[in-house]
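Visitor: Predicted coordinates and the sequence they were generated for:
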Amino acid sequence: MSALVEIRDVSKVYTRGRQSVEVLHGVSLDIQQGDFLALMGPSGSGKTTLLNLIGGLDSPTSGGISVAGQRIDTLRGAALARWRAVHVGFIFQFYNLLPMLTAQKNVEVPLLLTKLPAAERKRHAAIALQLVSLSDRAQHKPAELSGGQQQRVAIARAIISDPTLLVCDEPTGDLDRQSAEEVLNLLEVLNREHGKTIIMVTHDPKAAQHATHTLHLEKGTLVESAA
């Protein structure tokens, strides 16, 4: 049985002026359907670069990446954007909510790219907010919510399109410990009870404990795997 995500001999080189910096060096990795993977490593190790490649926010310099049997390293421009909209839910450290919109309207944003009528978008948003236990905050704007609540709105937005992958870049990096635990517990529920495949970059060993397994990057190379 094929893995959901197949990464084969992937390298990434950034060019800065006359200097080339190889951030990832021949990384190969399989991620199975239903995994909750934590990517760890020091700053500059290539964690976020690898996450961005998996999520289709960037393309590798060489090597191949397949998600659900589709080669995404060959997609560019509008085709890659369409693929992301269908297959990837993004959760970032700083929420990226639109300040003038309510929680409900923020959650609806990905559906604006679809042909769903307004009533259906609202219904889907209500279901997503219920899943993250924020139904009572649907009409609140981000400034009226705590950091933990804002991140849960961001999670609701990420799952509203039922994506193939949830891609999380330091999702608890801006939260206090209690709020961080609430967010991590929610990600666990999405993984365990709803079958979501989650890939999370984190510096926090306590956050990584919520994942089903952990991989470590060091200077652009996978150096260690721990169950």
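Guide: That came through, no problem. Numbering: from 1, shown residues only.
Visitor: Could you point out which residue ranges in the protein have low pLDDT?
Guide: Applying pLDDT under 70 to the chain flags residues 1, 224-227.
Visitor: Now residue 52: which helix or strand?
Guide: Using DSSP states H and E, the element containing residue 52 is helix 47-54.
Visitor: separation between the residue most central in space within the chain and residue 139?
Guide: By C-alpha atoms, centre = their mean, the chain has its centre lying nearest to residue 167, at 1.4 Å. As for residue 167, its distance to residue 139 is 28 Å (criterion: C-beta to C-beta, to the nearest Å). No exception for glycine: its C-beta is placed from N, CA and C like everyone else's.
Visitor: before we move on, the earlier item: now the helix or strand hosting the residue nearest to the centre of the chain against helix 47-54, angle please.
Guide: Following DSSP H and E, one finds residue 167 within strand 165-169. Strand 165-169 runs at 160 degrees relative to helix 47-54, counting by axes from the mean of the first three to the mean of the last three C-alpha atoms, to 10 degrees.
Visitor: other SSEs contacting strand 165-169?
Guide: In terms of contacts (3 or more C-beta pairs under 8 Å, 6 or more residues apart in numbering; DSSP states H and E), strand 165-169 is packed against helix 47-54, strand 88-91, helix 177-192, strand 197-201.
Visitor: which one of those lies closest to residue 34?
Guide: Residue 34 lies closest, by C-beta to C-beta, to one member of the helices and strands packed on strand 165-169: strand 197-201, at 5.9 Å.
Visitor: Just the C-alpha atoms of that closest one, please, in CSV.
Guide: The C-alpha trace of strand 197-201 is given here as CSV (Å, rounded to 0.1, in the frame of the first residue of the first chain):
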residue,chain,number,x,y,z
THR,A,197,-3.2,13.3,8.6
ILE,A,198,-1.2,16.0,10.4
ILE,A,199,2.3,17.2,9.8
MET,A,200,3.5,19.6,12.5
VAL,A,201,6.7,21.6,12.8
